[in-house]
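Colleague: Sequence plus predicted model, see below.
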Amino acid sequence: MSRRARALAFLVAALICAVLAATVAGRYRSRLEARYGPLRPVVVATSELRAGEPIASRHAESALAVRRVPASFVPPGALSRPADAVGRAPEATIPGGSYVLGAQLVFPHPKAPSAPGLGAGLRPVQVPIAGAEALTVGGGAPEGRRVDVVVSRQGGLGRSASARIAAAGVKLLALAAPLAPGEPWNATLAVSEQQALSLIAAQSAGREIRLLPRA
């Protein structure tokens, strides 16, 4: 057999082996999925995550990884994306190599307000707000600052959009991040009884509430 013929024979044999290997791997994967369920992405800690230390985005890239495991082996509440852990902190230390569960992570408690006094005739009221990120621009804790509370209504079905200032220059006592993805921020404000009733009514009616920081 010539050298060229031998090379061609080796090439054909290699292709046959590759096809057989792919077929065997496919059948093995099918059997695994039939027995243990399809593969699902799961977030795993590649290094120790210390209790109480928020997971920053830059830290998440090196400390978290995504693995694909059969659905039967995925614990309830396991995260599927590292981004879901960003900004949250482990309640207890998570060892490297462990699955990362949503129940293990909490949002850090807001810092104590710098000016906790309510003032005469005022009371605290907690409301969900939109666009809370604007309050954190420039760094520093937003608690203790004066804000204007804007209540807006979207237009549609024959009605026009509207916006009004429901409370001007009120003190922001606390700002809490969402407890879970998709949930709103919550702000605690020092307002009068009338302002509190107005904000509660706006919340019940599904109005959007935003806080505008004062200079």
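Modeller: Received the coordinates, thanks.
Colleague: On the three-state scheme, A134 is what?
Modeller: Per DSSP: H, G, I helix; E, B strand; the rest coil, the secondary structure class of A134 is helix.
Colleague: Show the subsequent helix or strand relative to the lowest-mean-pLDDT helix or strand in the chain.
Modeller: Counting by mean pLDDT, DSSP states H and E, the weakest-scoring helix or strand in the chain turns out to be helix 3-36, with a mean of 66. Beyond helix 3-36 on the C-terminal side, the first helix or strand identified by DSSP states H and E is strand 39-45.
Colleague: Quick one: residues in contact with the next helix or strand after that following strand.
Modeller: From strand 39-45 onward toward the C-terminus, using DSSP H and E, the following helix or strand is helix 57-63. When contacts are taken as C-beta atoms under 8 Å, 6 or more residues apart in numbering, the neighbours of helix 57-63 outside the stretch itself are 45-47, 49, 55, 82-83, 85-86. C-beta here means a position set from N, CA and C on the backbone, and glycine is covered the same way.
Colleague: One more pass at 10 Å, please.
Modeller: 43-49, 53, 55-56, 81-87, 94, 96, 100 (C-beta atoms under 10 Å, 6 or more residues apart in numbering).
Colleague: Which segments of the protein make up each domain?
Modeller: For the chain, the domain assignment from automatic domain parsing gives the residue ranges 1-36, 39-104, 123-213.
Colleague: what residues are up against A45?
Modeller: A45 sits next to 55, 63-65, 85, 90, 93-100, 104 when contact means C-beta under 10 Å, 6+ apart.
Colleague: one more time with 8 Å
Modeller: Contacts were defined as C-beta under 8 Å, 6+ apart; by that measure A45 touches 63-64, 94-100.
Colleague: Which members of those are classed as buried?
Modeller: When neighbours are counted using 16 or more other C-beta atoms under 10 Å, the contacts of A45 contain these buried positions: 63-64, 94, 99-100.
Colleague: Would you tell me what the next helix or strand after the strand or helix carrying L197 is?
Modeller: Counting by DSSP H and E, the element that carries L197 is helix 193-204. The C-terminal neighbour of helix 193-204 among helices and strands, as given by DSSP H and E, is strand 208-213.
Colleague: what mean pLDDT does that following strand have?
Modeller: Throughout strand 208-213, pLDDT has a mean value of 90.
Colleague: show me where pLDDT drops low in this protein?
Modeller: Low-confidence segments of the chain (pLDDT under 70): 1-2, 4-10, 12, 19-36, 109-118, 138-140, 155-159.
Colleague: From G144, how far out is Q154?
Modeller: 31 Å (C-beta to C-beta, to the nearest Å).
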